[in-house]
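*Asks:* here is my input; please provide its structure:
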Amino acid sequence: MKIKLTSVYVDDQNKALRFYTEVLGFVKKADFSQGPFRWLTVASPEDPDGTELQLALNDNSAAKAYRQAMFQQGQPAAMFYTDDVQADYERMKARGAEFTMPPTDVTASKIAMLKDTCGNLIQLTQLARYSR
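*Replies:* Predicted coordinates for the structure are as follows:
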């Protein structure tokens with residue numbers, strides 16, 4: 001068994017697609033609609049056939065309340081691993097990303113936190129064992 005898909009709820013799928021591709025650097029994997037429903041996913045360019053992230057429209061009141069509470073508590077909706085959090089921070093900041101926490105050393109890793117422009121916090125993590 002393996003994880004193939006996970007989701008984040010976003011308030012605007014077009015804005016989310018721009019952020020996740022142009023700022024984070026993911027690639028669009030699937031994008032199709034049926035009526036008002038749009039299935040939209042992105043993947044890492046390092047593993048384009050690996051795990052996909054669905055950018056799901058946040059049109060569910062329970063999901064909206066959960067997402068808002070998590071954001072207010074400073075909890076990330078997703079965590080992405082990197083080999084060099086400082087380099088990714090600099091690259092994303094140059095592309096307009098709004099960080100709520102710059103790269104910071106914590107137990108066994110270095111993390112940074114940024115807003116995804118669609119109501120979520122995203123955490124970037126560089127594990128100590130992956131440090132160069």
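
*Asks:* need the longest helix for the protein.
*Replies:* The longest helix of the chain (DSSP state H) is helix 61-72.

*Asks:* output the contacting helices and strands for the following helix or strand past that one.
*Replies:* From helix 61-72 onward toward the C-terminus, using DSSP states H and E, the following helix or strand is strand 78-81. With contacts defined as 3 or more C-beta pairs under 8 Å, 6 or more residues apart in numbering; DSSP states H and E, strand 78-81 has these neighbours: strand 121-127. C-beta here means a position set from N, CA and C on the backbone, and glycine is covered the same way.

*Asks:* paired strands for the strand it packs on, with orientation please.
*Replies:* strand 78-81 (parallel), strand 109-115 (antiparallel) (DSSP bridges).

*Asks:* state the mean pLDDT of the first one.
*Replies:* Just to be clear, that refers to strand 78-81. Across strand 78-81, the average pLDDT comes to 96.

*Asks:* report the angle between the helix-or-strand element of the chain with minimal mean pLDDT and strand 109-115.
*Replies:* Between all helices and strands in the chain, the lowest mean by mean pLDDT, DSSP states H and E belongs to helix 61-72, at a mean of 93. With axes from the mean of the first three to the mean of the last three C-alpha atoms, to 10 degrees defining the directions, helix 61-72 sits at 120 degrees from strand 109-115.

*Asks:* nice, that's everything, thank you.
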